[in-house]
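**Student:** build me a model from this:
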Amino acid sequence: MIHKSFSLAMVMLVCFAFAKAQRGIRVGYVDMEYILENVPEYQKASQQLEQKMQSWKQEIEKMEAEIQKMEVSLKNERVLLTKELIEEREEDIDIKRTQLYEYQQKRFGAQGDFITQKQQLIQPVQDQVFNEMQKIGEQKKYDVILERSETTMLYSADRHDLSDDVLKAIGRTGKRNDRQQQIQEKNNPEEKEERYMSVQEAEEKQEKIEEKEAIMDERAAIRAEKIRVRDSIKEARAREYKERRDAAIKERERRKDSILAARKAAREKKQEERENNGSGGN
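**Tutor:** Numbers count the residues shown, from 1 in each chain. Alright, predicted model coming up:
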């Protein structure tokens, strides 16, 4: 690896020395990594891919934990099992291992989803960069334009860096906005924190928000239950009071009716006695 890097460095030095000696050959370069960092669509898609990758890793960890659990269970129960059952359990574990390997290859293998989707993700931007590099090379009469990440450069003057020219050509801005962005981030540090938040940090932040919301919902449910109990008690007390009041009213009415009936009976008795006395006198 060191020998290869040294060879590439020597080739670059020879190229630049030859270009300087001839004074007619122009050599430039672009920093693809820097360009991608300044393409919002690529960054957004990269985050989505990162989220998928984390989901795939979690699935792999889940499968590994299941296999480990099966192995521990077999180890602990081996003395109690027949030879046929042991072979059956071992076969089940081998099947799970095969499924795990196939899933790992499907997601992270050389032809897996991660590599394929990453290539699909970067290809449109690379095509744009390549087309604009050709135009810039023709317009500014560059003889050679290199890609920095694929070339070992010990030193290169900034004037040879065409990355910002490419970004401008594809409708993006890079270094020209750095100063303005630094001022904005200084005035609003939360925005900077949000911009550079990793996928894991974003997920943790979302989990905290959801946890806080769950706590608030639980508290709201407790308050609602307390109100329901309180209203139920109030309703029961009101119903009990109404029943006592109605019973008291009914009792008063009964007593009133009883007194009136007694008075009426007394009057009728007196009337009857007077009538009887009058009849006896005659």
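
**Student:** where do the helices sit along the chain?
**Tutor:** 2-22, 32-37, 40-77, 83-108, 113-139, 163-169, 178-187, 189-195, 199-281 (DSSP state H).

**Student:** can you add mean neighbour count and give these back as CSV?
**Tutor:** All C-beta spots, glycine's among them, are computed from the backbone N, C-alpha and C. Below are the helices of the chain laid out as CSV (neighbours: other CB atoms under 10 Å):
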stretch, mean neighbour count
helix 2-22, 12
helix 32-37, 17
helix 40-77, 13
helix 83-108, 13
helix 113-139, 14
helix 163-169, 20
helix 178-187, 11
helix 189-195, 11
helix 199-281, 10
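
**Student:** need those helices in JSON lines (columns: mean pLDDT and distance to M153).
**Tutor:** Output for those, formatted as JSON lines (pLDDT from 0 to 100; distance: least, CB to CB, whole Å):
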{"stretch": "helix 2-22", "mean pLDDT": "51", "distance to M153": "6"}
{"stretch": "helix 32-37", "mean pLDDT": "83", "distance to M153": "13"}
{"stretch": "helix 40-77", "mean pLDDT": "90", "distance to M153": "23"}
{"stretch": "helix 83-108", "mean pLDDT": "92", "distance to M153": "31"}
{"stretch": "helix 113-139", "mean pLDDT": "84", "distance to M153": "17"}
{"stretch": "helix 163-169", "mean pLDDT": "84", "distance to M153": "13"}
{"stretch": "helix 178-187", "mean pLDDT": "48", "distance to M153": "22"}
{"stretch": "helix 189-195", "mean pLDDT": "47", "distance to M153": "29"}
{"stretch": "helix 199-281", "mean pLDDT": "75", "distance to M153": "31"}
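
**Student:** now these as TSV including distance to E147?
**Tutor:** Below are those laid out as TSV (distance: least, CB to CB, whole Å):
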stretch	distance to E147
helix 2-22	12
helix 32-37	6
helix 40-77	16
helix 83-108	25
helix 113-139	9
helix 163-169	10
helix 178-187	22
helix 189-195	26
helix 199-281	27
